[in-house]
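J.: Fold the following for me, if possible:
(chains A, B, C and D)
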2 protein chains.
Amino acid sequence: MRSENESDVQKRRSFIEEARRAQIVASAVEVIAEGGFAQASLARIAQHAGISKGVISYHFAGKDDLMVEVVERTYGLIAETVGAKMQGLSSAGELLRAYILGVAGHMRGHRTQLAALAEIFTNLRGADGRPRYGIKANEEIYRALEQIYSLGQESGEFRHFDRRVMAITQSSAIDNMFAYWVAYPDHDLDAHARELADIFERACRS
Amino acid sequence: MRSENESDVQKRRSFIEEARRAQIVASAVEVIAEGGFAQASLARIAQHAGISKGVISYHFAGKDDLMVEVVERTYGLIAETVGAKMQGLSSAGELLRAYILGVAGHMRGHRTQLAALAEIFTNLRGADGRPRYGIKANEEIYRALEQIYSLGQESGEFRHFDRRVMAITQSSAIDNMFAYWVAYPDHDLDAHARELADIFERACRS
DNA sequence: TCATTTTCTGACCGCATGGCCAAAATTTAG
DNA sequence: CTAAATTTTGGCCATGCGGTCAGAAAATGA
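T.: Residues are numbered from 1 along each chain as shown, chains lettered A, B, ... in the order given. All right, here's what the predicted structure looks like:
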């Protein structure tokens, strides 16, 4: 277990360590998605994973550290999936629609993970009491959307509007589509997504 | 203090009791708006109000009771203000715009109260662990918006769309306008509201 | 004034939490 | 097989929470 590779010394991790971390993160996701962030204690997460509480403290620096890792392991997936669906498209209108439908498609396959992610985003706070992930965590999304808008405005396909406001609006619309679907699982997610695509297409085009 | 009026016996409240309750509610609003729901303990609320912790327990059945009262004392104001601004209007498009601009106007004058309200909505949970105010608290708003949409669709001013999805989208857009403004106080709230009015006017009209 | 009622205080309780650690168990290396 | 390193256990701790309470203080009413 020493010369596996020459990665940095202070952070080398054994296979079993990685497996444990993944297991703990998965358990945390399930506990949070099931009962909310507030009651997701280390004891509960450990019990749900069938291990002792101390193991979590051994593998993670603290509860915050665990939560941050949950976010990191979940967050990148959306960009990947959606990016793939947007490959090859060039018109801003097509990109807009592909983005919305792509996100909705990803939601259907990752309900619990994204529910946990949303819980952490709204509840996890830093040492100063300020939200650790708030509006700021959406900056990346805002910029991606604004890029689409710029494309459409330059080509004349879209009218002139405040790109930041449009990005906030569209992003929040998608977030709430998810929240509504979580609250009412019978809600038709795909139909909702198509309606959203219609709404923002009309809101944007010249 | 006995025959002040013949209201129901079990709930009669003295003037000083009412003053204390109002004071405690105000303190709770400020503490929540300042540091979030999680760190708004009874001790902190009491300290901020300059009173002993026991006083809160004396005037309120429990922390939940206090939070519910915060919501009740804050929630009705919006409907009043906005309703007034919509008086006399008849076309759906005018109503839509008046609604959005009216809510934004109310926000500017009630920042801390509404910030606390939002905190409570997303954090307060009932005995079962489910959110006490979540999607459901918005039902009233959804129905009001859907009524405007129906009006416009019947008159032909609005196209056909899913009214529930539109209501969710518009309501979330307004919520996030507020959240963004709280995070970035320099953000131009009125300009944002006008942009929203444009967006939803275009999204709705035939 | 003085007895009665209302209000307030500050200490205390039980509980749950996140974090800690010595010792046990397990895995790995020689 | 044995010794060393890694991993796990289960109990312990300090902290902060909401809630309770006896007694002090203040307001009230005659």
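J.: could you point out the longest helix in chain A?
T.: Taking DSSP state H as the criterion, chain A has its longest helix at helix A:63-86.
J.: do that helix and DNA strand C meet at all?
T.: Yes. Using CB under 7 Å from any atom of the strand, we find that helix A:63-86 touches DNA strand C at A:63-64. For the C-beta atoms, the positions are set from N, CA and C on the backbone; glycine is no exception.
J.: Might you list the low-confidence residue ranges for chain A?
T.: Low-confidence segments of chain A, defined by pLDDT under 70, span residues A:1-16.
J.: thinking again about what came up before, and the next helix or strand after the longest helix of chain A, what does it pack onto?
T.: Sequence-wise, the next helix or strand downstream of helix A:63-86 (DSSP states H and E) is helix A:92-109. In terms of contacts (3 or more CB pairs under 8 Å, 6 or more residues apart in numbering or on different chains; DSSP states H and E), helix A:92-109 is packed against helix A:63-86, helix A:139-155, helix A:163-183, helix A:189-204.
J.: what comes up buried for the helix or strand just after helix A:92-109?
T.: Per DSSP H and E, the first helix or strand lying C-terminal to helix A:92-109 is helix A:111-123. Buried positions in helix A:111-123, judged by neighbour count with 16 or more other CB atoms under 10 Å in any protein chain shown: A:113-121, A:123.
J.: could you dump the longest helix of chain A to PDB, C-alpha only?
T.: Extracted C-alpha coordinates of helix A:63-86, given in PDB (Å, rounded to 0.1, in the frame of the first residue of the first chain):
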ATOM      1  CA  LYS A  63     -19.600  16.800   9.800                       C
ATOM      2  CA  ASP A  64     -19.000  19.800   7.600                       C
ATOM      3  CA  ASP A  65     -16.300  18.000   5.800                       C
ATOM      4  CA  LEU A  66     -18.700  15.100   5.100                       C
ATOM      5  CA  MET A  67     -21.300  17.500   3.800                       C
ATOM      6  CA  VAL A  68     -18.900  19.300   1.600                       C
ATOM      7  CA  GLU A  69     -17.900  15.900   0.100                       C
ATOM      8  CA  VAL A  70     -21.500  15.000  -0.500                       C
ATOM      9  CA  VAL A  71     -21.900  18.200  -2.500                       C
ATOM     10  CA  GLU A  72     -18.700  17.700  -4.400                       C
ATOM     11  CA  ARG A  73     -19.600  14.100  -5.300                       C
ATOM     12  CA  THR A  74     -23.100  15.100  -6.500                       C
ATOM     13  CA  TYR A  75     -22.700  18.500  -8.100                       C
ATOM     14  CA  GLY A  76     -20.600  17.800 -11.100                       C
ATOM     15  CA  LEU A  77     -22.900  15.200 -12.500                       C
ATOM     16  CA  ILE A  78     -25.600  17.600 -13.800                       C
ATOM     17  CA  ALA A  79     -23.100  19.600 -15.900                       C
ATOM     18  CA  GLU A  80     -21.800  16.400 -17.500                       C
ATOM     19  CA  THR A  81     -25.200  15.000 -18.400                       C
ATOM     20  CA  VAL A  82     -26.700  18.300 -19.600                       C
ATOM     21  CA  GLY A  83     -23.500  19.300 -21.500                       C
ATOM     22  CA  ALA A  84     -23.800  16.000 -23.400                       C
ATOM     23  CA  LYS A  85     -27.400  16.800 -24.400                       C
ATOM     24  CA  MET A  86     -26.400  20.200 -25.700                       C
END
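J.: Please identify the residues of chain A in proximity to DNA strand C?
T.: So chain A meets DNA strand C at A:1-2, A:16, A:39-44, A:53-54, A:57-58, A:62-64 (CB under 7 Å from any atom of the strand).
J.: biggest separation within those, which pair?
T.: Spatially, the most separated pair among the residues of chain A next to DNA strand C is A:R2 and A:Q39, at 41.5 Å (CB to CB).
J.: Counting neighbours, go ahead and name the busier of the two.
T.: A:Q39 (12 against 4; other CB atoms under 10 Å in any protein chain shown).
J.: Which phi and psi values does that one adopt?
T.: The phi and psi values for A:Q39, taken as degrees, to the nearest 10, are phi -100, psi 10.
J.: That one - nearest residue in space that isn't next to it in sequence?
T.: Nearest residue to A:Q39, sequence neighbours excluded (CB to CB, 6 or more residues apart in numbering or on different chains): B:G129, at 6.1 Å.
J.: so that neighbour sits right up against A:R44, yeah?
T.: No. Counting by CB atoms under 8 Å, B:G129 stays clear of A:R44, with 11.7 Å between them.
J.: Compute the first-to-last residue distance for stretch A:39-58.
T.: One end of stretch A:39-58 to the other measures 21 Å (CA to CA, to the nearest Å).
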